[in-house]
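> prediction below, plus the sequence it came from.
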Amino acid sequence: MSDDALLKKAGYQLESFLSDCQISEFRGQKILEIGFKNGLFLNECHKAGLIPTGIEIEKSYYKKVKITYPHLNVVWYNGERIPFPNETFDFVVSYQVLEHVSCIEHIISECVRLLKPNGIMYHVCPNYSSFYEGHYKVIWTPCFNKTSGRYYLKLLRLYTPYYETLNIVKPKTILQNLNSHKNKINLISLGQKEFMQKFNRDQIQKVDNILLKKILLLLLKKKMLSEILLKFIARINWYYPLTIIARKR
């Protein structure tokens, strides 16, 4: 992806975060990004008037961002307790991170701990109850678990050891983790509404599987049919991606 495309993506991520969470007043508020990678989202937050902080487990990303954006507050993270006091941040966000962490439950718990009262957590990640696997760019099926997904990729001759690092994240996985904090947070969305709102040509063009892209573009042309199918897909959790929004009480 070109530098311009990456910058545009970071701007879109910030815009979507604010829109999805219905945030209008944000300047001067503290936001933590888990897994900042290239630092572009953090820098967009800085330019918009937020006070951004980022943590990153990959040391090469941390070192590069530290040099490229010396004005940003970035921290190398060892994967254990996030090194900030309770109730430090107004917002905690991540993009395509939950499928890579060693323990989703730990990350969710840390988000709850770090959020101020009325603070919002926002995570975007693949939905493995859907029909697309973005890392391998293949059509998927909602019934696959870790083992069947492995056999499927081997059948396609696409399997690599990288697959073993992925969490097969599904809505029920997230619900189980959030339910353990139900006395502290209110779940706002798992992404069904956001999926239907963003089902457009620009989003479909981001799908890297040619067959699936053609099917989705064809569906987009059939307005009445697409509305019915989108509601059905959202209802049975076949939508993509997961967009997790929860507010701390």
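Looks like it came in fine. Numbers count the residues shown, from 1 in each chain.
> where exactly do the strands run in this protein?
30-34, 51-56, 73-76, 89-95, 115-125, 132-133, 138-139, 185-189, 242-248 (DSSP state E).
> rebuild the ones you listed as a markdown table, extending it with distance to residue 170.
(Glycine included, C-beta is placed from N, CA and C.) Formatted as a markdown table, these follow (distance: least, Cβ to Cβ, whole Å):
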| stretch | distance to residue 170 |
| --- | --- |
| strand 30-34 | 20 |
| strand 51-56 | 25 |
| strand 73-76 | 30 |
| strand 89-95 | 17 |
| strand 115-125 | 10 |
| strand 132-133 | 13 |
| strand 138-139 | 17 |
| strand 185-189 | 15 |
| strand 242-248 | 8 |
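> okay, the ones you listed in CSV with mean pLDDT and mean neighbour count next?
Formatted as CSV, these follow (pLDDT from 0 to 100; neighbours: other Cβ atoms under 10 Å):
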stretch, mean pLDDT, mean neighbour count
strand 30-34, 98, 24
strand 51-56, 98, 22
strand 73-76, 97, 16
strand 89-95, 98, 24
strand 115-125, 98, 21
strand 132-133, 95, 22
strand 138-139, 94, 16
strand 185-189, 97, 16
strand 242-248, 98, 23
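> out of the ones you listed, which is closest to residue 167?
Nearest to residue 167, of all the strands of the chain, is strand 115-125, at 8.5 Å by Cβ to Cβ.
> so which elements touch the top helix by length along the chain?
Taking DSSP state H as the assignment, the helix of the chain that covers the most residues is helix 3-20. Other helices and strands packing on helix 3-20, by 3 or more Cβ pairs under 8 Å, 6 or more residues apart in numbering; DSSP states H and E, are helix 40-48, strand 89-95, strand 115-125.
> if we can go back for a sec, minimum distance to residue 219: which of the strands of the chain has it?
When the strands of the chain are compared by Cβ to Cβ, strand 132-133 sits nearest residue 219, at 13.8 Å.
> give me the helices and strands touching the closest one, please.
For strand 132-133, the packing partners by 3+ Cβ pairs under 8 Å, 6+ apart are strand 138-139.
> re earlier: which residues sit against the longest helix of the chain?
1, 23-24, 26, 38, 40-41, 43-45, 48, 91, 93, 95, 122, 124, 189, 194, 198, 243, 245 (Cβ atoms under 8 Å, 6 or more residues apart in numbering).
> wait, which of the helices and strands packed on helix 3-20 is closest to residue 207?
Using Cβ to Cβ, the nearest of those to residue 207 is strand 115-125, at 15.3 Å.
> without its sequence neighbours, what residue ends up closest to residue 56?
residue 62 (4.6 Å; Cβ to Cβ, 6 or more residues apart in numbering).
> assess the claim that that neighbour and residue 74 are in contact.
Yes: here residue 62 reaches residue 74: they are 6.1 Å apart, a contact under Cβ atoms under 8 Å.
> spit out the residues that contact the two alike.
residue 56.
> what's the burial count for residue 86?
Using other Cβ atoms under 10 Å, residue 86 is surrounded by 9 other residues.
> got the contact list for it?
113, 114.
> next, the buried residues of the longest helix of the chain.
9, 10, 13, 14, 16, 17, 18, 20 (16 or more other Cβ atoms under 10 Å).
> of the residues you listed, which is the nearest to residue 174?
Nearest member of the buried residues of helix 3-20 to residue 174, counting by Cβ to Cβ, is residue 20, at 15.5 Å.
> just the pLDDT for that closest one.
Predicted confidence (pLDDT) for residue 20: 97.
> same thing with residue 5?
89.
> how many neighbours does residue 224 have?
Residue 224 has 7 nearby residues by other Cβ under 10 Å.
> residue 188 contacts residue 247, doesn't it?
Yes: at 6.0 Å, residue 188 counts as touching residue 247 under the criterion of Cβ under 8 Å.
> residues that sit against both of the two, list them.
Joint contacts of residue 188 and residue 247 (Cβ under 8 Å, 6+ apart) are residue 120.
> which residues are in contact with the spatially closest residue to residue 239 that is not a sequence neighbour?
Closest residue to residue 239 apart from its sequence neighbours, by Cβ to Cβ, 6+ apart: residue 195 at 3.8 Å. By Cβ under 8 Å, 6+ apart, the contact set of residue 195 is 230, 233, 234, 239, 240, 241, 243.
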